[in-house]
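Need a 3D model of the sequence below.
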Amino acid sequence: MENLTLKSYIQWVEKWEINANEVINSYLDKSTKDSDNLHAFVRLHPDYVEKFLNNFKDLPLHWAPIAIKDNIMTKWYISSCGSKMLENYVAPYSATCFTNLEKKWGLMLWKANMDEFAMWSSTEYSAFWNTKNPNWTDRIPWGSSGWSAAAVAWDQCIAALWTDTWGSIRQPAALCGIVGLKPTYGRVSRYWVQSMASSFDQVWVLTKTVEDARIMLDAICGYDENDSQSRKKADIKNFDNLNLKEGDIKIAIPNEAINEALDPKVKDLFLAKIEELKSHWYTVDYVDLPILKHVSAIYYMLISAEVTSNLGRFDGIRFGLQEDMKWIKDLHEYYTKIRMKWFWNEVKKRILLGNYVVTKENYEKYYLRGYKARKLLQSEFSKFYKNYHAIVTPTTPTPAWRFWEKSSNPLLMYLEDMYTVTANLVWVPAISVPMWNVEDSWDTLPVGIQLMWWKWQEGLLLSVAEKIEMK
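All right, here's what the predicted structure looks like:
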């Protein structure tokens, strides 16, 4: 039962070759014993497993043990978003993506820790504890989904349900050596998922194989009238493996992706992988896409404003930890005390920046320019996909770094998002597939290759990703 994939688990349960109850109990036991190694989860839920196990046996997923990110609401269970502000918050409803998973066969094994409110990208900024990379435990697994990526790679669960704002599915997937899939914006409902930035956030999956990602996406997607950004197209599930002729696939490599920020070892691996694709009759062109140089700036300008809006509710009155107001002279002092005490520095920094860019004096100078630049980027990509099927880049510019190695230089951290954030700005599906390993200070570290397809074309994306995965 070691290192089960989702597909093999389902097949073996249906053939009565393994007992689902025994598998789930073994994963619970493994998570408990390994908690000190990776620190992947914030709360185990054996009570949930006990409560629902017998109701799942005739459904497609057969109680498959799944990790759930802590900002995905689960009814009557704590969902803290990795923050002290919501440390004891019990959700009154479940997120639609989670109920869809329940209806199909998924079983919540535990809630995964996260960077506070999904901010930052290294797993170093949870209010609770850090998580280690399963390949080398002195290194980060990336974030904010690093906790689940580490758990899936370490086989503490079969798959994970997570959210992605700028690449926090694909980045940790790449650095932990697994698969991370981001569907089209609007494909999976975000209802009762705590948003960091509403026009960027999406619910995604972390799995061990591309085929597992296909199964998970089929389970959680669908139109939801409760989510204003959900689309009727979400009910059209075109995820089957397509028998594509490799010579029919046209791939574009932006020249801007092969720049000085890309680690030379990752660059060499990536270019070797591209040559391998060429040898299998993929049509590969190197193209200019100048606006890609500006995607990080566009992203951080817009996201700060949305963070400010979405976190405004956490004031210690409507939501968040409350304190005695006996010695507080006014509401302003109360807000200040609560937010200073229970938000960590990265959250406070982004709230302040967001308030700055949306002030009357700065709105047109910063936010509006960022908004227009995003529209231009979407327009450029719309034209681009008329000539090419996919855009391919490295998933990350570097392999995993050691804890706190870059924390003193926020700009270096922000630049790590340069490849993945584009798909969130443009709302297209993207996937990271393990490429090869690189050597760094005698450590062998995985890195990934990313494919971005056009909207609603997850079937094509998954089919090509599977071909790359097998090469």
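
got the phi/psi numbers for His280?
As for His280, its main-chain torsions (degrees, to the nearest 10) stand at phi -100, psi 20.

Using CSV, write down the CA coordinates of stretch 4-13.
Extracted C-alpha coordinates of stretch 4-13, given in CSV (Å, rounded to 0.1, in the frame of the first residue of the first chain):
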residue,chain,number,x,y,z
LEU,A,4,-0.6,4.6,-3.9
THR,A,5,-1.9,6.7,-6.8
LEU,A,6,-5.5,7.6,-6.9
LYS,A,7,-6.2,5.5,-9.9
SER,A,8,-4.5,2.4,-8.6
TYR,A,9,-6.3,2.8,-5.2
ILE,A,10,-9.7,3.0,-7.0
GLN,A,11,-8.9,0.0,-9.2
TRP,A,12,-7.7,-2.1,-6.3
VAL,A,13,-10.6,-1.3,-4.1
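
contacting residues around that stretch?
Residues from elsewhere that reach stretch 4-13 (C-beta atoms under 8 Å, 6 or more residues apart in numbering): 18, 20, 23, 60-62, 64, 155, 158-159, 207-209, 211-212, 215-216. Bear in mind the C-beta positions are built from the backbone N, C-alpha and C, glycine included.

ChimeraX command for the buried members of those?
Remark: buried members of those, expressed as a ChimeraX selection using 16 or more other C-beta atoms under 10 Å:
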select :18,20,23,61,62,64,155,158,159,207,208,209,211,212,215,216
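
Go through the contacts of stretch 4-13 and flag which are in helices.
The helices, defined by DSSP state H, take in 20, 23, 211-212, 215-216 from the contacts of stretch 4-13.

Kindly reformat those as CSV containing pLDDT.
Formatted as CSV, these follow (pLDDT from 0 to 100):
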residue, pLDDT
Ala20, 80
Val23, 86
Glu211, 94
Asp212, 95
Ile215, 93
Met216, 93
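
For these, work out which two are farthest apart.
Ala20 and Glu211 (19.5 Å; C-beta to C-beta).

residues contacting Glu416?
Each residue near Glu416 by C-beta under 8 Å, 6+ apart is listed here: 121, 142, 171, 396-398.

and the closest residue to Glu380 other than its chain neighbours, which of the three is it?
Setting aside the residues directly before and after it, Glu380 is nearest to Ile291 in space (C-beta to C-beta, 6 or more residues apart in numbering), at 5.7 Å. What DSSP: H, G, I helix; E, B strand; the rest coil gives for Ile291 is helix.

In terms of pLDDT, where does Ile291 sit?
With respect to pLDDT, Ile291 scores 85.

swap in Ser121?
pLDDT recorded at Ser121 is 62.

I'd say the residue nearest to Glu380 and Leu377 touch.
Yes - using C-beta atoms under 8 Å, Ile291 makes contact with Leu377 at a distance of 5.4 Å.

gap between Lys455 and Ile169?
Distance of Lys455 to Ile169, given as C-beta to C-beta, to the nearest Å: 17 Å.

between these two, who's got more neighbours?
Each of Lys455 and Ile169 had its neighbours counted (other C-beta atoms under 10 Å), and the higher figure belongs to Ile169 (32 against 19).

which residues does the more buried one contact?
Shown in contact with Ile169 (C-beta under 8 Å, 6+ apart): 145, 162-163, 180-182, 204-206, 432.

Which one of these is nearest to Lys30?
Comparing the contacts of Ile169 against Lys30 with C-beta to C-beta places Leu206 closest, at 17.3 Å.

Spatially nearest residue to the closest one (excluding sequence neighbours)?
Once flanking residues are discounted, Leu206 sits nearest to Ala160: 4.2 Å by C-beta to C-beta, 6+ apart.

Tell me how many other residues crowd that neighbour.
Counted with other C-beta under 10 Å, the neighbours of Ala160 add up to 30.

what does Pro92 give?
Neighbours of Pro92 under the rule other C-beta under 10 Å: 9.

do the same with Asp201
Counted with other C-beta under 10 Å, Asp201 comes out at 25.

among the helices and strands of the protein, which has the poorest mean pLDDT?
helix 35-38 (a mean of 61; mean pLDDT, DSSP states H and E).

Met237 and Ser441, how far apart?
If you look again at residue 237, you'll see it is Lys, not Met. Separation of Lys237 from Ser441 (C-beta to C-beta): 45 Å.

ok, the two, which is more surrounded?
Shown here are Lys237 and Ser441; by other C-beta under 10 Å, Lys237 has more neighbours (14 against 7).

Quickly note the distance from that one to Tyr191.
Lys237 is 19 Å from Tyr191, by C-beta to C-beta.

Please apply the same query to Leu181.
Distance, Leu181 to Tyr191, using C-beta to C-beta: 20 Å.

And the two? Which one has more around it.
The neighbour comparison of Leu181 against Tyr191 (other C-beta under 10 Å) goes to Leu181, with 27 against 21.

Would you confirm that the more buried one belongs to a strand?
Yes - residue state for Leu181 (three-state DSSP) corresponds to a strand.

Thought Glu211 was touching it, still the case?
No - counting by C-beta under 8 Å, Leu181 stays clear of Glu211, with 11.2 Å between them.

Any chance of TSV for the contacts of Ile169, columns distance to Tyr286 and pLDDT?
Compiled in TSV, those are given as follows (distance: C-beta to C-beta, whole Å; pLDDT from 0 to 100):
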residue	distance to Tyr286	pLDDT
Ser145	31	70
Trp162	32	83
Thr163	33	88
Gly180	25	94
Leu181	26	95
Lys182	24	94
Trp204	29	84
Val205	31	90
Leu206	31	93
Ser432	21	96
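
what's the farthest-apart pair in those residues?
By the measure C-beta to C-beta, Thr163 and Ser432 form the most distant pair in these, at 15.4 Å.
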